[in-house]
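> what's the 3D shape of this:
(one chain, ligands or ions: 1)
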Amino acid sequence: MPEERTEQPHIVTCTAPVNIAVIKYWGKRNEDLILPINSSLSVTLHQDQLKTTTTVATSRSFQEDRIWLNGKEEDITHPRLQSCLREIRRLARKRRNDGDSGVDSASLSHKVHICSVNNFPTAAGLASSAAGFACLVYTLARVFGVEGELSGIARQGSGSACRSMYGGFVQWIMGNKEDGKDSLAQQVEPETHWPELRILVLVASAERKPVGSTSGMQTSVKTSCLLKHRAESVVPGRMVEMTEAIRKKDFAAFAELTMKDSNQFHATCLDTYPPIFYLNHVSQQIISLVHRYNKHYGETRVAYTFDAGPNAVIFTLQQHVPEFVHVVQHFFPPETNGADFIKGLPVNCASLSEELKQGIGLEPMPKGINYIISTKGTERAQELSESLTSWTRPVCCRGSHSAAAFI
Ligand code: DP6
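You can find the predicted model right below:
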């Protein structure tokens, strides 16, 4: 039997998490290397609720590199995909030449087939490119046997992806070298540092965002003087304050900085010419709700942040989750009040006092929020065990492509 027929493809499957920035990245100083104009800081979200799963197969019988995203074949020649593939292969070759025995020399000469799926809506402002590129780089590294610092490669897929290479609280240090070698992600604290911290994703819309982050930030860099001021004079101080708030587990300080930074990011979008609107009337109502809720209690119990889309990400402490979720449910009455409205970590029942409802005093907005994902912080990307790789193949290739097309 010819050798090609008997040879099994080498297959690795990994998952990677989404992250949500509390100090936002917006604007590049180098578009090709994806170097930012300011440092940023994020919380990595739990993979049970939000993750990308990527399977990479290599085989000597593959004719070309190919990629399927959520079941649809995409263009592998995309420059960002090419950067990640090129950089991982370069690193693997370098390590092999340096005598690293872990590098899989056979795979290095083979083409790859990549299959990636998200367990959440793509491009709905839920940082899908961050988890996607982090997972791609992590899985390719496993395939070729490359270890060590990989956030600089993930960054070249999508800036925010470098932060998804770590769990817990992660900073992306902007660096100042021209070649970007010092523009890397670093863990500030592990997720175990602050286990009481909870995250609620309020999904206001699952539509694709009107202006993507990449083109949006290009226009902002060209036209917004507020963005320049923010990058030079505001973010450096906020990075220090945020790191300190996290270290001390000072929720009020963490929450206020998070909200102010989200607001300033959206202000730079309005200062962009022509302006970019990521927040809609539901987002604005959520902002009012959070401020009125905090005011009612005379303390900052809840914080919001919004990326390039209308979905809110809420931070709070475990003990406030049941009440706040029921507040959301009261002021955004869902179509069905059933279990479907709350996904993810279970949320206990809570009753709302008339005093609280009146204190908030907003007009309910029916169906403004589709559903809530209840989650928390998490660890880094991970490789799935051998026993799972067999079932991830068809899962990865669901849709119009069969497992046979992928392998
Ligand atoms: C608003 O990382 O998606 O979510 O580097 O062009 O791929 P590219 O942009 P991307 O931008 C994310 C912007 C943000 C803020 C953040 O995550 O820090």
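
> which parts of the stretch 301-407 of the chain sit against the ligand?
For the stretch 301-407 of the chain, the residues in contact with the ligand (Cβ under 6 Å from any ligand atom) are Asp307, Ala308. Using the backbone N, CA and C atoms, a C-beta is placed for each residue, glycine as well.

> low pLDDT regions in the stretch 251-400 of the chain?
Low-confidence segments of the stretch 251-400 of the chain, defined by pLDDT under 70: 336-339, 379-381, 385-400.

> all strands in it, in order from the N-terminus.
For the stretch 251-400 of the chain, the strands defined by DSSP state E, counting those that start in this stretch cover 302-305, 312-317, 342-344, 371-376, 382-383.

> export those to TSV and tack on mean neighbour count?
Output for those, formatted as TSV (neighbours: other Cβ atoms under 10 Å):
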stretch	mean neighbour count
strand 302-305	23
strand 312-317	23
strand 342-344	18
strand 371-376	20
strand 382-383	16
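
> out of those strands, which is closest to Ile76?
When the strands of the stretch 251-400 of the chain are compared by Cβ to Cβ, strand 382-383 sits nearest Ile76, at 22.6 Å.

> and for that closest one, what's in contact with it?
For strand 382-383, contacts defined as Cβ atoms under 8 Å, 6 or more residues apart in numbering pick out Val12, Thr13, Cys14, Thr15, Gln47, Tyr138, Thr139, Arg142.

> would JSON lines of the strands of the stretch 251-400 of the chain with distance to His296 be doable?
Shown next, in JSON lines, are the strands of the stretch 251-400 of the chain (distance: least, Cβ to Cβ, whole Å):
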{"stretch": "strand 302-305", "distance to His296": "11"}
{"stretch": "strand 312-317", "distance to His296": "14"}
{"stretch": "strand 342-344", "distance to His296": "22"}
{"stretch": "strand 371-376", "distance to His296": "20"}
{"stretch": "strand 382-383", "distance to His296": "41"}
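
> for Thr223, find the nearest of the ones you listed.
Closest approach to Thr223 among the strands of the stretch 251-400 of the chain is made by strand 302-305 (23.7 Å; Cβ to Cβ).

> which elements pack onto the closest one?
strand 19-23, helix 251-271, helix 281-297, strand 312-317 (3 or more Cβ pairs under 8 Å, 6 or more residues apart in numbering; DSSP states H and E).

> tell me the most buried of the ones you listed?
Greatest average neighbour count among those goes to strand 19-23 (a mean of 26), per mean count of other Cβ atoms under 10 Å.

> quick check: what element follows it along the chain?
strand 28-30 (DSSP states H and E).

> run through who's touching that next one.
By Cβ under 8 Å, 6+ apart, strand 28-30 touches Ile34, Leu35, Pro36, Ile37, Gly159, Glu178, Gly180, Met217, Gln218, Val221.

> can you mark which positions in that strand are buried?
Lys28, Arg29 (16 or more other Cβ atoms under 10 Å).

> that one pairs with which strands, and in what direction?
Using DSSP bridges, strand 28-30 pairs in its sheet with strand 35-36 (antiparallel).

> is the partner strand anywhere near the ligand?
No - Strand 35-36 is not in contact with the ligand by Cβ under 6 Å from any ligand atom; minimum separation 7.8 Å.

> what sits up against that strand?
Residues contacting strand 35-36 (Cβ under 8 Å, 6+ apart): Tyr25, Gly27, Lys28, Arg29, Gly159, Trp172, Met174, Gly175, Gly180, Ser183.

> among the residues you listed, name the buried ones.
By neighbour count, with 16+ other Cβ under 10 Å, the contacts of strand 35-36 hold Tyr25, Gly27, Lys28, Arg29, Gly159, Trp172, Met174, Gly175, Gly180, Ser183 as buried.

> out of those, which are close to the ligand?
Tyr25, Gly159.

> Pro366 - how many residues pack around it?
10 (other Cβ atoms under 10 Å).

> that one contacts Pro333, doesn't it?
Yes - Pro366 lies in contact with Pro333 (Cβ atoms under 8 Å); the separation is 4.9 Å.

> Ser283: which of the strands of the stretch 251-400 of the chain is closest?
That would be strand 312-317 among those, by Cβ to Cβ, at 6.2 Å.

> show me what the closest one is packed against.
For strand 312-317, the elements it packs on are strand 197-203, helix 251-271, helix 281-297, strand 302-305, judged by 3+ Cβ pairs under 8 Å, 6+ apart.

> now render those as TSV, adding distance to Gly132.
Output for the helices and strands packed on strand 312-317, formatted as TSV (distance: least, Cβ to Cβ, whole Å):
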stretch	distance to Gly132
strand 197-203	17
helix 251-271	22
helix 281-297	24
strand 302-305	21
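
> of the contacts of strand 35-36, just say which sits nearest to Ser105.
Nearest member of those to Ser105, counting by Cβ to Cβ, is Gly180, at 28.1 Å.

> so the closest one sits against Leu33, correct?
Yes - the pair Gly180 / Leu33 is scored as a contact, 4.2 Å apart, by Cβ under 8 Å.

> now do the same contact list for Cys349.
Pro322, His326.

> can you list the contacts of strand 382-383 in CSV and add distance to Arg301, neighbour count and secondary structure?
Putting these into CSV (distance: Cβ to Cβ, whole Å; neighbours: other Cβ atoms under 10 Å; DSSP: H, G, I helix; E, B strand; the rest coil) gives the following:
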residue, distance to Arg301, neighbour count, secondary structure
Val12, 43, 22, strand
Thr13, 40, 25, strand
Cys14, 36, 25, strand
Thr15, 32, 21, strand
Gln47, 26, 22, coil
Tyr138, 35, 28, helix
Thr139, 39, 29, helix
Arg142, 41, 19, helix
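
> possible to save those residues as CSV with pLDDT and distance to Lys111?
Shown next, in CSV, are the contacts of strand 382-383 (pLDDT from 0 to 100; distance: Cβ to Cβ, whole Å):
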residue, pLDDT, distance to Lys111
Val12, 94, 15
Thr13, 94, 18
Cys14, 94, 19
Thr15, 94, 23
Gln47, 90, 29
Tyr138, 96, 19
Thr139, 96, 15
Arg142, 94, 17
